[in-house]
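Asks: Sequence and predicted structure, then a few things I'm wondering about:
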Amino acid sequence: MGGGYPGDPKGTQSERAAALMTSQVVAQADVIVDLHGGDLDENLQAYSYWFRCGRPAQDSAGLRLAMAFGLNHILVADMNLDSPNAGRGLGGQTLLRGKTLLVAEAGRSGVVTEKDLTELVDGSLNVLGALGMLNHPSTPVSHPMWLGGAGSLISADSAGMFFRLVNSFTNVTKGEVLGLHDGFSWTEDGRAQVPYRRIRHITFAGVGPRCGRRLHLQRAPVLSDPLLGRHQLPDLGAPCSGRTSTV
């Protein structure tokens, strides 16, 4: 369903659900807040997205809410709205329709921790406060770490399962053991080792049908200048209001 927007009211069950989301949620809201838990193959350091689509008003509004959400890590992602597939996802539909988009993620498969839940709930309340929809204090994160999207991936030579030994957002050194695997043959004693001198912001994944031959030990690059000359920072103290839908 995630790639089936805007849906079809006369199509399959998933297509009908996507059509209802498009007509009853996206089309009627000014702001879409899309919250994610960790997928089957993820163990996430909590972060929010700042999606840039080249429309200054939308980009600035999205940046303001990403900072208001309050997470210390903001991943910068550019979206080309001229692409034929731009509207296949919820985020693309939101931006194509001129809405403000905020996406935040925390968690991992099979486990709901109080910390992850609190970060997403508190972030949502912060956004509602920033939009003037609740009487809730909202102080933008002052010095976020800007991340530049997908980084290096360590590839497996066959399918199997990976069992992590360290958590996401862990500082490690070259040669340190990240975990054990079943079905891979990277080292004689069955260990996956760090191929870099230093890795941070790692998302761990089991390699199976979902991931194909990739083991997502992800190294997200840190951006020194997230604006990259495209936009100026908006006035984060300026009031704004809108109808918000949280998915």
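Replies: Great, that's in hand.
Asks: so what are the domain limits for the protein?
Replies: Domain assignment for the chain by automatic domain parsing gives 13-148+223-227, 152-219.
Asks: can I get the ones you listed in CSV with mean neighbour count, mean pLDDT and distance to Gly7?
Replies: C-betas here are computed from N, CA, C, even on glycine. Shown next, in CSV, are those (neighbours: other Cβ atoms under 10 Å; pLDDT from 0 to 100; distance: least, Cβ to Cβ, whole Å):
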stretch, mean neighbour count, mean pLDDT, distance to Gly7
domain 13-148+223-227, 18, 91, 3
domain 152-219, 16, 56, 23
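Asks: Please identify which of those domains is closest to Gly2.
Replies: Among the domains of the chain, the nearest to Gly2 by Cβ to Cβ is domain 13-148+223-227 (6.1 Å).
Asks: Distance to Tyr5 added to the domains of the chain, as a markdown table?
Replies: Formatted as a markdown table, these follow (distance: least, Cβ to Cβ, whole Å):
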| stretch | distance to Tyr5 |
| --- | --- |
| domain 13-148+223-227 | 5 |
| domain 152-219 | 21 |
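Asks: Among those, which comes closest to Met1?
Replies: Closest to Met1 of the domains of the chain is domain 13-148+223-227 (Cβ to Cβ; 4.4 Å).
Asks: Verify the stated contact: Leu138 with Gly123.
Replies: Quick fix: residue 138 reads Ser, not Leu. No. With contacts counted by Cβ atoms under 8 Å, Ser138 stays clear of Gly123, the gap being 9.9 Å.
Asks: which SSE is Arg16 in?
Replies: In this assignment (DSSP states H and E), Arg16 forms part of helix 13-21.
Asks: Let me know the next secondary structure element after that helix.
Replies: Next helix or strand after helix 13-21 toward the C-terminus (DSSP H and E): strand 31-36.
Asks: Identify the residues contacting the helix or strand that that following strand is followed by?
Replies: Using DSSP H and E, the next helix or strand after strand 31-36 towards the C-terminus is strand 43-52. Applying Cβ atoms under 8 Å, 6 or more residues apart in numbering, the contact partners of strand 43-52 are 38, 59, 62-63, 66, 69, 71, 73-79, 91, 95, 101-109, 116, 119-120, 123, 147, 164, 167-169, 201, 203-204, 226, 230-231.
Asks: partners of strand 43-52 in the sheet?
Replies: strand 73-78 (parallel), strand 100-108 (antiparallel) (DSSP bridges).
Asks: now the angle from the longest helix seen in the chain to strand 100-108?
Replies: In the chain, taking DSSP state H as the definition, the longest helix is helix 114-130. Calculated by axes from the mean of the first three to the mean of the last three Cα atoms, to 10 degrees, helix 114-130 forms an angle of 170 degrees with strand 100-108.
Asks: Output helix 114-130 as PDB, restricted to C-alpha atoms.
Replies: Output of helix 114-130 as PDB, limited to C-alpha atoms (Å, rounded to 0.1, in the frame of the first residue of the first chain):
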ATOM      1  CA  GLU A 114       8.900   3.600  26.400                       C
ATOM      2  CA  LYS A 115      11.700   5.800  25.100                       C
ATOM      3  CA  ASP A 116      10.700   5.400  21.500                       C
ATOM      4  CA  LEU A 117       7.100   5.900  22.200                       C
ATOM      5  CA  THR A 118       7.700   9.000  24.300                       C
ATOM      6  CA  GLU A 119       9.900  10.600  21.600                       C
ATOM      7  CA  LEU A 120       7.100  10.200  19.000                       C
ATOM      8  CA  VAL A 121       4.300  11.300  21.400                       C
ATOM      9  CA  ASP A 122       6.200  14.300  22.700                       C
ATOM     10  CA  GLY A 123       7.200  15.200  19.200                       C
ATOM     11  CA  SER A 124       3.600  15.200  18.000                       C
ATOM     12  CA  LEU A 125       2.600  17.400  20.900                       C
ATOM     13  CA  ASN A 126       5.400  19.800  20.100                       C
ATOM     14  CA  VAL A 127       4.200  20.000  16.500                       C
ATOM     15  CA  LEU A 128       0.600  20.700  17.600                       C
ATOM     16  CA  GLY A 129       1.900  23.400  19.900                       C
ATOM     17  CA  ALA A 130       4.000  24.900  17.100                       C
END
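Asks: Done for today, thanks.
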